[in-house]
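> Have a look at this prediction, sequence included:
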2 protein chains.
Amino acid sequence: MAFSYPYSRIAQAMRPSPIRELFALTQRPGMISFAGGLPDPAIFPVERFAECADVLLGEGRTALQYGATEGYAPLVGWVCQRMTAFLGQPVSPAQVAIASGSQQLLDMLARVLLDPGDVVLVESPTYPGALHTLRNAGARFMLVPSDGDGIFVEALPELVERCRRETGQAPKLLYTVINFSNPSGATLSLQRRRQLAALLPTLGVPVLEDDPYGELRFEAEPIPPLYSLAGGQGVLYASSFSKILAPGTRVAWAVGEAELIRRLVLAKQGMDLCTSMVTQVLVAEYCRRGHLDAHLAAIRRHYAVKAEAMEKALETHLAAHASWTRPQGGFFYWLSLPGQDCQELFQRAVAAGVAFLPGRAFYPDASETVGEPAAGREFLRLCFTFAQPEEIQEGCRRLATALSAPASQPSPMHGHAIEDHGRRA
Amino acid sequence: MAFSYPYSRIAQAMRPSPIRELFALTQRPGMISFAGGLPDPAIFPVERFAECADVLLGEGRTALQYGATEGYAPLVGWVCQRMTAFLGQPVSPAQVAIASGSQQLLDMLARVLLDPGDVVLVESPTYPGALHTLRNAGARFMLVPSDGDGIFVEALPELVERCRRETGQAPKLLYTVINFSNPSGATLSLQRRRQLAALLPTLGVPVLEDDPYGELRFEAEPIPPLYSLAGGQGVLYASSFSKILAPGTRVAWAVGEAELIRRLVLAKQGMDLCTSMVTQVLVAEYCRRGHLDAHLAAIRRHYAVKAEAMEKALETHLAAHASWTRPQGGFFYWLSLPGQDCQELFQRAVAAGVAFLPGRAFYPDASETVGEPAAGREFLRLCFTFAQPEEIQEGCRRLATALSAPASQPSPMHGHAIEDHGRRA
């Protein structure tokens, strides 16, 4: 008789992340993938990063030992210096936490803020990985409508009020990707940022300003971070090396008020004691050698070319079916296809050799939503950074073919995996 | 006015880990530290590990990219092969999870099993890091008495019954370090392992067999793991590269039933997406080159010399005050000092230039304990792996001096930090 594990309520509600589940699909031979939000490995600074590994000889006894939960001091120092310039406010080490990717930062924050059943305000649509982490902390969700200029800040007071009415307390967190959001590609406008900064003290809802893509702007001028506009009050600013250097390092950082940081560090102590010192030492060395800014310039050019290719390909092949806002940076196009069921389209697209992420993945289920749920049925996300420019053309052509094809049963070859994905997304 | 964060109940109960808090103390000039459970950095294979970094050139695009949450396939393959031999049962990739240190494995398991308020059975005394992780998951604790042969297995049915009576349900987990336990140094005897394996199906309480020290046996013969004796039913076996290679890698693994592993991986997805591919690739390469077993043999010899030095030093300086069981491996001596308040002794010891961890750190507070609490007032832990043999002699001499000194107020120089520690431990 098999042993029966007494699973927690949270474990019973867990489900596979649709993004991780897509890994297998996107790796089929011949598939053009706009699905996963992956950096282009062709642009990874493999040689320069590998060169930095000679620091392991001199710093090996530090790199191989346990480190402080707060982070490797030279890396924390680098973050303080860079963030002081970027945020326009002095950032001290006590205001910095290093984490094993910004996914872990969100998990740390969830542990520090959320009791099971608490409500988190998320953009509609939002990053599925955030839904996954927050769901695993027992969160429920409330959707903040958004457009090409980011979330409707003016909707927040009524949403908070409704949450109070329906659950007895205010939401515990507003999670937002303010630059080139995942999946919408939208950037919160300066006007809305100012509005949000002004609202925060009254709303009383802390904000995680998740900014993994901010440095990947290839058009127009940067907009000041919410953290700066709010004077650092009630905002945790987070960024990461995943998109600007390499996700395989799993190194991210947050800047916030010292007392919040202290509690985040206490949460992290129980999660992994410290982020790998090996990768922290390597990343710190890469930054110390001054490689990061040159690399950033190269990535921006590299991805601008791909975004341009995507824009052209969409205009050529999909203008009749879809509408979209051209992103000024980041990784994503978010397409609206009125009248289409993108979940069903996904099946035909994969059969035609192109993968994307159906809109449904970017919304919580109705059962875990407080207030109005949303489905995202008529939307899909295209990641333009992973595929090569010529693949982008061909991929959009295939997508148009799939759109024109009659809705049908999935082919026997792909049927199972696709249906499976459909249920999970 | 400062922004007021709506902290969770768990955040309000969080407290600093006494071990992490000691970092600062142990790094004072001239201090001999038996406090932190740290490997000796002098034995880290710095050159061989750094040499392995040339794999980053060939495997760079894999090492720098996101990886599967389950782990880097060649590393999972290595674990399957090694664990199949070690556990004496075939281990497939679906039964393996890679994690960012075994601290994360415990956090994953807590997320999958525990609802807030659920009870975990822990050894008395137990690893403070485990208490920290489990407390952050909202756990309460029930102590399983132990001696030099590990936990009293025969006490378990009554403890489970008492837990049912007092909380309405059985404990959700038994957490135990079965070889050279932290802090007691005790190893669960073969007889008790058999007894426990036989009891498991009736008890219905899953076991985390945490085994970071098992390979560090320098005396007598290894005892079969509980996992093997229980036929893999109801037992998650966990081990790590932290003590056998280097903690700075943050790479650990677990072996268990496929369905449990699947859920653990879902929990990990929300925690950090995947363990750093950079460190996984480096560790896998180190193992592929066959360095690990030679290194293990060297560590065992290295630590056997230190354990011998500790045994002699204790006999010379502390036989009149303390009693202990000589460990056959691992990192720790656990001293019983009848009539002493080791928290108070700690203050005098630090003033005399030697640090240890007072027994209190290894027990949950009475307020979070179901059943009989324990205090550990008359105990202390000495880690023998970090200090050098001549320091071990001198450190034990200083400890004896501190023991003979009259109890006094802490010196003005050290008073604050020590009192602080005292409150936190």
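Okay, I see it.
> Flag the shaky bits of chain A, pLDDT-wise.
Within chain A, the stretches with pLDDT under 70 are A:1, A:18-24, A:26, A:407-425.
> who does the lengthiest strand in it touch, helix- and strand-wise?
For chain A, the longest strand by residue count, based on DSSP state E, is strand A:140-147. Counting contacts by 3 or more CB pairs under 8 Å, 6 or more residues apart in numbering or on different chains; DSSP states H and E, strand A:140-147 packs against strand A:119-124, helix A:156-167. Backbone N, C-alpha and C define where each C-beta goes, glycine included.
> That strand: which residues count as buried?
By 16 or more other CB atoms under 10 Å in any protein chain shown, the buried positions in strand A:140-147 come out as A:R140, A:F141, A:M142, A:L143, A:V144, A:S146.
> Provide a list of residues in contact with the third one.
Applying CB atoms under 8 Å, 6 or more residues apart in numbering or on different chains to A:M142 gives the contacts A:V119, A:V120, A:L121, A:V122, A:L159, A:R162, A:C163, A:P171, A:T369, A:V370, A:G371.
> Kindly report the same for the second one.
Under the criterion of CB under 8 Å, 6+ apart, the contact list for A:F141 reads A:V119, A:V120, A:L121, A:V122, A:L131, A:L134, A:P364, A:E368, A:T369, A:V370.
> go with 10 Å
A:119-122, A:124, A:126, A:130-131, A:134-135, A:171, A:175, A:363-365, A:368-371, A:373 (CB atoms under 10 Å, 6 or more residues apart in numbering or on different chains).
> Any of these buried? List them.
A:119-122, A:124, A:126, A:130-131, A:134-135, A:171, A:175, A:363-364, A:368-371, A:373.
> Keep those residues, but drop any that are not near chain B.
Among the buried ones among the contacts of A:F141, the ones lying near chain B by CB under 10 Å from any CB of the partner chain are A:A130, A:L131, A:L134, A:R135, A:P171.
> Tell me what angle the strand or helix carrying the first one forms with strand A:119-124.
Read it as A:A130. Assigned by DSSP states H and E, A:A130 belongs to helix A:128-135. Put simply, helix A:128-135 runs at 170 degrees to strand A:119-124, going by axes from the mean of the first three to the mean of the last three CA atoms, to 10 degrees.
> Which elements pack onto helix A:128-135?
Contacts defined by 3 or more CB pairs under 10 Å, 6 or more residues apart in numbering or on different chains; DSSP states H and E place helix A:128-135 against helix A:18-26, helix A:102-113, strand A:119-124, strand A:140-147, strand A:173-177, helix B:258-272.
> Any chance of a markdown table for these, columns distance to A:E47?
Formatted as a markdown table, these follow (distance: least, CB to CB, whole Å):
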| stretch | distance to A:E47 |
| --- | --- |
| helix A:18-26 | 26 |
| helix A:102-113 | 26 |
| strand A:119-124 | 38 |
| strand A:140-147 | 40 |
| strand A:173-177 | 31 |
| helix B:258-272 | 27 |
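> Can you say which of these is nearest to A:V255?
Among those, the nearest to A:V255 by CB to CB is helix A:102-113 (10.6 Å).
> Show me how far that closest one is from its chain's centre.
Relative to its chain's centre, helix A:102-113 lies at 13 Å (CA atoms, centre = their mean, to the nearest Å).
> what about that helix and chain B, touching?
Yes - against chain B, helix A:102-113 shows contacts by CB under 10 Å from any CB at A:S102, A:Q103, A:Q104, A:L105, A:L106, A:D107, A:M108, A:L109, A:A110, A:R111, A:V112, A:L113.
> How about stretch A:277-294?
Yes - contact between stretch A:277-294 and chain B, assessed by CB under 10 Å from any CB, occurs at A:M277, A:V278, A:T279, A:Q280, A:V281, A:L282, A:V283.
> So which of these are in helices?
Of those, the ones assigned to helices by DSSP state H are A:M277, A:V278, A:T279, A:Q280, A:V281, A:L282, A:V283.
> Now distance to A:A320 and neighbour count too, for these, in JSON lines please.
Listed next are these as JSON lines, based on distance: CB to CB, whole Å; neighbours: other CB atoms under 10 Å in any protein chain shown:
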{"residue": "A:M277", "distance to A:A320": "54", "neighbour count": "26"}
{"residue": "A:V278", "distance to A:A320": "51", "neighbour count": "30"}
{"residue": "A:T279", "distance to A:A320": "47", "neighbour count": "27"}
{"residue": "A:Q280", "distance to A:A320": "50", "neighbour count": "28"}
{"residue": "A:V281", "distance to A:A320": "53", "neighbour count": "25"}
{"residue": "A:L282", "distance to A:A320": "48", "neighbour count": "30"}
{"residue": "A:V283", "distance to A:A320": "46", "neighbour count": "27"}
